[in-house]
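Peer 1: Requesting a structural model of the entry that follows:
(one chain, ligands or ions: 1)
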Amino acid sequence: MGCQYFDPCENGADSFTIAIPRYTFGRGCLREAGARAAGLGMSRVALFTDPFLRDSAYVATVLESLRQAGIDSAVFDEITIEADDASVERGAAFIADGDFDGVVSVGGGSVMDTAKASMLYGLHPAEEFLDYFAPPLGAGRPMPRKLLPHLACATTSGTGSECTSISVLRITEIATKFVLANPVLMPQEALVDPACSDTLPAMVVASTGFDLLCHALECYTAKAYTRWDKQPDPLKRPLIQGANPWSDLAARKALEIAGEYLERGVNSAADHEARDQLMWGASLAGMAFGNSGTHLGHALSYGVTHLMHDVTTEGYQVKAPFVPHGISVIVSAPSIFRYTAAAAPERHYEAAGLLRSDLQDAGVDDAGEALARRIIELMRKTGAPNGLAGVGFGPADVPALAASSARQARAIANSPRETNLTDIENIYAAALSY
Ligand SMILES: [Fe+2]
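Peer 2: Below you'll find the predicted structure:
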C-alpha cells in the first residue's frame with residue numbers, strides 16, 4: 001500500500017527533497033555545545049533563550065561549554081512564550097549590533113523560531129515585517145541564501161524546530177500566527193539532550209507531546225507528494241510537498257513513540273525512558289513534517305490561537321489568553337481524522353495501529369473512528385482540555401474559527417481529502433467536546 005500511495009499522477013511531482021541538520025542526541029550532550037560551535041567556525045555567539053531558562057542549569061552548561069571552547073557569547077532572552085514579531089524585532093536588533101559569527105539557541109520552539117527569524121531580519125532587514133511572508137499576507141520577498149551558522153539546542157519534546165526550516169511567528173497586530181519557511185532557516189546542527197525534559201511540568205509535556213503526535217499523524221496522512229503539481233524550478237520545490245517515503249519513515253516511528261510513551265511521560269517526571277523517547281520522537285516528527293508539511297490539524301489550530309479569549313493553561317507562567325500550541329492542535333484532531341480517514345483509509349488504519357488503538361473489532365473502514373477514539377483516550381489520560389469547549393469556545397464561534405483557519409491555504413490543500421470552508425465549519429462543530 002505504501003507504494004500505491006505514491007503512484008505517479010499526471011503532471012504530478014516525480015521527485016521529493018529532504019533536508020535535515022547534523023544531529024546529536026543523548027543525555028549530557030549539551031556539554032558538546034562549545035566543541036560543536038567551534039566546529040561550525042563560531043568565535044562570538046549570540047545565545048538565544050527565554051527568561052524562564054535564562055538562569056537554568058541548561059543555559060549555564062552551554063555557556064560554560066562555549067567558554068571552555070574559547071568562544072565569546074552574549075545572551076538574548078527577551079522572548080515571549082509564543083514567538084512573535086516584537087520578539088523578533090528585538091532579536092534582530094541584537095544580531096545587527098552584536099558582530100556575531102554564529103547563533104546558539106537553547107529552548108523550545110519559540111526560542112528556536114525567534115533565533116531563526118532574528119538572523120533573517122537582523123542581517124537582511126525588511127521594510128515591512130510581513131515582506132518575507134508568503135502572499136497574500138506578505139510580499140513573498142526572496143530570502144538570502146545564507147545566514148549565520150545556527151546550533152539549535154531543543155529543551156522540550158514537541159516542535160522539532162531544531163530539525164526544520166520553519167519559523168512560526170505570531171503577528172501581533174492581527175493576533176494570528178503565520179509561518180516563515182525557507183531552507184535558509186534550517187539550523188546547521190541540532191543538539192538534543194533529553195535530560196532537559198526532566199524538569200518540564202506535566203501539561204508542558206502533554207502539549208508538546210500532542211504537537212509531536214499531530215506532526216507525525218498529519219504528515220503520515222498528508223496528500224502524497226505525487227499528487228502535488230510538478231514544480232519546474234527545483235529550488236522552488238515547496239517544503240509542504242506532501243507525504244513521501246522519508247516522512248513516512250520518521251512519522252511511523254514517532255507515532256509508535258507517542259502511542260507507547262506519551263501518557264507515561266506526562267504522568268511521571270521520573271520516567272526517564274518515556275521522556276527520552278518523547279524527545280527523540282519530537283525530533284523524528286520534526287524531520288518528517290519539515291519535509292512533507294502538516295495539514296488540517298495545524299491549519300485549524302491557527303483559528304484557535306487567533307480567537308482564544310479568557311483562557312489559560314496550567315504549567316505555563318503566562319497571562320491569559322493563552323492556549324499552548326500542542327493543545328490548540330489536539331482539540332480539533334479527533335474530529336479532523338474522522339473527516340480525513342475516508343480519503344486515505346489504509347493510512348489512517350496503520351496510524352491507528354502504530355498509536356496503539358484498539359483495533360480488535362475495527363476494519364479499515366472504521367479507521368477514522370478508531371484513531372479519534374485513541375486520541376480522545378490520550379487526551380483524557382493526560383488531562384488535556386476536552387475539545388474546543390475546553391479552551392473556551394462555543395457553537396457561536398465556529399464560523400469565525402473556520403474563516404480564520406481558511407487562510408492557511410497550502411496546509412489545507414495538503415489534506416488527503418478536499419476541504420472547503422463548510423467542511424472546516426463542520427469539523428469544528430464536531431470538535432466542541434468529545
Ligand atoms: Fe506543531
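
Peer 1: If you drop the residues flanking it in sequence, what lies closest to the residue nearest the centre of the chain?
Peer 2: By C-alpha atoms, centre = their mean, the chain has its centre lying nearest to residue 159, at 3.6 Å. The shortest distance from residue 159 to any non-neighbouring residue, by C-beta to C-beta, 6 or more residues apart in numbering, is to residue 109 (3.1 Å). C-beta coordinates here come from the backbone N, C-alpha and C atoms, glycine included.

Peer 1: tell me which residues of stretch 326-337 are tucked away?
Peer 2: In terms of neighbour count (16 or more other C-beta atoms under 10 Å), stretch 326-337 has its buried residues at 326, 327, 328, 329, 330, 331, 332, 333, 334, 335, 336, 337.

Peer 1: returning to what we had before: the residue nearest to residue 159: neighbouring residues, count only.
Peer 2: 26 (other C-beta atoms under 10 Å).

Peer 1: Residue 107 too?
Peer 2: Residue 107 - counted by other C-beta under 10 Å - has 29 other residues nearby.

Peer 1: Which strand residues bridge it?
Peer 2: Beta-bridge partners recorded for residue 107 (DSSP bridges): residue 154.

Peer 1: can you tell me which residues contact it?
Peer 2: Contacts for residue 107 (C-beta atoms under 8 Å, 6 or more residues apart in numbering) come out as 48, 49, 50, 53, 79, 153, 154, 155, 156.

Peer 1: 10 Å - rerun?
Peer 2: 48-50, 52-54, 56, 58-59, 77, 79, 83, 113-115, 152-156, 161, 196 (C-beta atoms under 10 Å, 6 or more residues apart in numbering).

Peer 1: Show the subsequent helix or strand relative to the helix or strand hosting residue 399.
Peer 2: Assessed by DSSP states H and E, residue 399 sits inside helix 398-405. Scanning forward in sequence from helix 398-405 by DSSP H and E, the next helix or strand is helix 409-413.

Peer 1: How about residues contacting that next one?
Peer 2: Contacts of helix 409-413 (C-beta under 10 Å, 6+ apart): 134, 136, 179, 181, 218, 222-223, 227-228, 238-240, 242, 293-302, 405-406, 418-421, 423-424.

Peer 1: any idea of the mean pLDDT in that helix?
Peer 2: For helix 409-413, mean pLDDT rounds to 93.

Peer 1: Ok, stretch 376-395 next?
Peer 2: Mean pLDDT, computed over stretch 376-395, is 96.

Peer 1: can you give me the strands for this structure?
Peer 2: 22-25, 44-48, 72-76, 102-107, 150-154, 166-171, 176-181, 189-192 (DSSP state E).

Peer 1: looking at the ones you listed, which is closest to residue 393?
Peer 2: Distance to residue 393, taken as C-beta to C-beta, is lowest for strand 176-181 among the strands of the chain, at 16.1 Å.

Peer 1: Mind putting the buried residues of stretch 326-337 into TSV with distance to residue 372 and pLDDT?
Peer 2: Listed next are the buried residues of stretch 326-337 as TSV, based on distance: C-beta to C-beta, whole Å; pLDDT from 0 to 100:
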residue	distance to residue 372	pLDDT
326	17	95
327	17	96
328	18	96
329	14	97
330	12	98
331	13	98
332	11	98
333	8	98
334	4	98
335	7	98
336	9	98
337	6	98
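
Peer 1: Format those residues as CSV; extra columns: distance to residue 100.
Peer 2: Listed next are the buried residues of stretch 326-337 as CSV, based on distance: C-beta to C-beta, whole Å:
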residue, distance to residue 100
326, 31
327, 35
328, 33
329, 34
330, 37
331, 40
332, 40
333, 40
334, 45
335, 45
336, 42
337, 44
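
Peer 1: circling back: please pick the buried ones from the contacts of residue 107.
Peer 2: For the contacts of residue 107, a burial check counting by 16+ other C-beta under 10 Å picks out 48-50, 53-54, 56, 58-59, 77, 79, 83, 113-115, 152-156, 161, 196.

Peer 1: residues touching the closest residue to residue 54 other than its chain neighbours, list them.
Peer 2: Nearest residue to residue 54, sequence neighbours excluded (C-beta to C-beta, 6+ apart): residue 77, at 4.5 Å. Shown in contact with residue 77 (C-beta under 10 Å, 6+ apart): 47-55, 59, 106-107, 111.

Peer 1: Looking at those residues, which is nearest residue 122?
Peer 2: The nearest member of those to residue 122, counting by C-beta to C-beta, is residue 48 at 11.3 Å.

Peer 1: Helices of the stretch 201-350 of the chain, residue ranges please.
Peer 2: 202-221, 245-267, 272-289, 296-307, 325-330, 333-340, 345-354 (DSSP state H, counting those that start in this stretch).

Peer 1: okay if I get these as TSV plus distance to residue 32?
Peer 2: Compiled in TSV, the helices of the stretch 201-350 of the chain are given as follows (distance: least, C-beta to C-beta, whole Å):
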stretch	distance to residue 32
helix 202-221	23
helix 245-267	23
helix 272-289	16
helix 296-307	32
helix 325-330	28
helix 333-340	36
helix 345-354	32
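
Peer 1: which stretch among the ones you listed comes nearest residue 141?
Peer 2: Of all those, helix 296-307 sits nearest to residue 141, with 21.9 Å by C-beta to C-beta.

Peer 1: Hmm, residue 286 and the residue nearest to residue 159 touching each other?
Peer 2: Yes - using C-beta atoms under 10 Å, residue 109 makes contact with residue 286 at a distance of 9.5 Å.

Peer 1: quick one: common contacting residues for these two?
Peer 2: Shared contacts of residue 109 and residue 286, counting by C-beta under 10 Å, 6+ apart, come down to 154, 158, 159, 160, 161, 162, 164, 166, 211.

Peer 1: Give me the lowest-pLDDT entry from these.
Peer 2: pLDDT across those is lowest for residue 158, at 81.

Peer 1: That residue: neighbour count?
Peer 2: For residue 158, the neighbour count with other C-beta under 10 Å is 31.

Peer 1: Give me the pLDDT for the closest residue to it other than its chain neighbours.
Peer 2: Leaving aside its chain neighbours, residue 158 sits nearest to residue 208 (2.6 Å; criterion: C-beta to C-beta, 6+ apart). The score at residue 208 is 94. That number is its pLDDT.

Peer 1: so who does residue 208 touch?
Peer 2: Taking C-beta under 10 Å, 6+ apart, one finds 108-109, 154, 156-160, 197, 200, 262, 265-266, 278-279, 282, 324-327 in contact with residue 208.

Peer 1: how much space between it and residue 5?
Peer 2: Per C-beta to C-beta, to the nearest Å, residue 208 is found 29 Å from residue 5.

Peer 1: could the shared contacts of residue 109 and residue 286 be laid out in a markdown table, adding distance to residue 28?
Peer 2: Formatted as a markdown table, the shared contacts of residue 109 and residue 286 follow (distance: C-beta to C-beta, whole Å):
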| residue | distance to residue 28 |
| --- | --- |
| 154 | 15 |
| 158 | 21 |
| 159 | 22 |
| 160 | 21 |
| 161 | 22 |
| 162 | 17 |
| 164 | 25 |
| 166 | 28 |
| 211 | 25 |
